[in-house]
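Novice: I need the structure of the sequence given here:
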Amino acid sequence: MTDKVISGKTRICALIGDPIEHTMSPVMHNAAFRKLGLDYVYIPFRVRTEELAQAVEGIRALNIRGFNVTIPHKVAIMPMLDGLDPLAEKIGAVNTVVNNGGELRGYNTDATGFLQALLERGVEPGGENVVILGAGGASRAISYILAERGAHLTILNRQLELDWAVELARRIRDDLKKEASALELTEEHLSTAMEGAGILINATSVGMSPDNQESPIPAQLLKPDLVVYDIVYNPIRTRLLKEAEAAGARTVGGIDMLVWQGALAFEKWTEQTAPLDLMRKEAIKALERHED
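Specialist: Numbering: from 1, shown residues only. As a prediction, this is how the structure comes out:
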């Protein structure tokens, strides 16, 4: 592999957020650019909240081809863009932006990436009873894409943030005319919700490194006829996924969502098919180095 030569023709893609030190995106995207022989480079930029508007105008002025948006800017950036994809507008969050000649359009590939990772494993969520743990930004994207697909949702959140879950369920019922309910995340509610569930999704940070001995659900509630999807990708195999596998459940890891959302952004910027397997391999290698 030769070193990348940067020239006046090189197109730039980026990530903006705060913090950005542990992102896997540069590893995935730069490997994909090299694989396809594209004269692109992907660079992460730390952008503080008070600097967001300036950063967006800078991106426009510098003709950066596209960029990803991570915490804490996914909602705040929306009014700064020239247009929104309908799904991103419904969800109320943007994680990918394409720059076409100074016109910035926002997308949400978190939602579509989540769904593609599920479909890739042969799981069709339409008609399924789905239990979602958490009601933050990731849960909002996941809930909307699943509701559009025809899943029946039960969203559970801790008592302190229960209002978020109630509001999310209400918006899904009002906007999409789909079934969604919200409950406080207690052992009793969780046990009841899990009785009829076909899919369980952890959309919280519980189990994320360095707290990787934690799980958001008691192991005894896991069962063989369940699909368990944990969006945490560090560690690659969380305690929840290990316990789900031990119970005979099918599992989907957060690395799949990470790679798919990145691949969909890549395709919007380059109009080329993303080398998905390579991006997954490079992300896993980077995570394994981080775990070491």
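
Novice: contacts and neighbour counts: CA atoms only from here.
Specialist: Fine.

Novice: find the nearest non-adjacent residue to G102, please.
Specialist: The shortest distance from G102 to any residue other than its chain neighbours is 5.2 Å, reached at R60 (Cα to Cα, 6 or more residues apart in numbering).

Novice: buried residues in the strand or helix carrying that neighbour, which are they?
Specialist: In this structure, R60 sits in helix 52-62 according to DSSP states H and E. Using 16 or more other Cα atoms under 10 Å as the burial criterion, the residues of helix 52-62 that qualify are 52, 55-56, 59-60.

Novice: how about those residues in CSV, adding distance to M208 and pLDDT?
Specialist: Formatted as CSV, the entries for the buried residues of helix 52-62 read as follows, by distance: Cα to Cα, whole Å; pLDDT from 0 to 100:
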residue, distance to M208, pLDDT
L52, 27, 98
A55, 30, 98
V56, 30, 98
I59, 32, 96
R60, 35, 96
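
Novice: from those, pick the one nearest D18.
Specialist: Set against D18, the nearest of the buried residues of helix 52-62 by Cα to Cα is L52 (10.4 Å).

Novice: show the contacting residues for that closest one.
Specialist: The contact partners of L52, by Cα atoms under 8 Å, 6 or more residues apart in numbering, come to 73, 77.

Novice: tell me the domain boundaries of this structure?
Specialist: Per the record's domain assignment (automatic domain parsing), the chain is made up of the domains 11-107+256-291, 112-252.

Novice: quick one: contacts of stretch 147-164?
Specialist: Everything outside stretch 147-164 that qualifies as a contact, by Cα under 8 Å, 6+ apart, is 125-136, 143, 165, 169, 172, 176, 178-186, 190, 193.

Novice: what do you get if the cut-off is 6 Å, keeping everything else the same?
Specialist: Stretch 147-164 is touched from outside by 125-135, 179-185, with contacts defined as Cα atoms under 6 Å, 6 or more residues apart in numbering.

Novice: buried ones among those residues?
Specialist: Those of these that meet the buried threshold are 125, 128-135, 179-185, by 16+ other Cα under 10 Å.

Novice: between these, which is nearest V69?
Specialist: For V69, the closest of the buried ones among the contacts of stretch 147-164 turns out to be A135, at 19.2 Å, with distances computed as Cα to Cα.

Novice: quick one, phi/psi of the most centrally placed residue in the chain?
Specialist: Residue closest to the average C-alpha location in the chain (Cα atoms, centre = their mean): D110, at 3.6 Å. Here the main-chain torsion angles of D110 (degrees, to the nearest 10) amount to phi -60, psi -50.

Novice: next one: it from A263, what distance?
Specialist: The span separating D110 from A263 equals 11 Å under the rule Cα to Cα, to the nearest Å.

Novice: over to L241?
Specialist: Distance of L241 to A263, computed by Cα to Cα: 24 Å.

Novice: these two: who's more crowded?
Specialist: A263 (25 against 22; other Cα atoms under 10 Å).

Novice: now do the contacts for that one.
Specialist: If you count contacts by Cα under 6 Å, 6+ apart, A263 has them with A274.

Novice: what's the distance between it and L222?
Specialist: From A263 over to L222 the distance is 31 Å, taken as Cα to Cα.

Novice: likewise L115?
Specialist: Separation of L115 from L222 (Cα to Cα) stands at 22 Å.

Novice: let me have the domains of the chain in JSON lines, extended by distance to D3.
Specialist: Below are the domains of the chain laid out as JSON lines (distance: least, Cα to Cα, whole Å):
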{"stretch": "domain 11-107+256-291", "distance to D3": "10"}
{"stretch": "domain 112-252", "distance to D3": "29"}
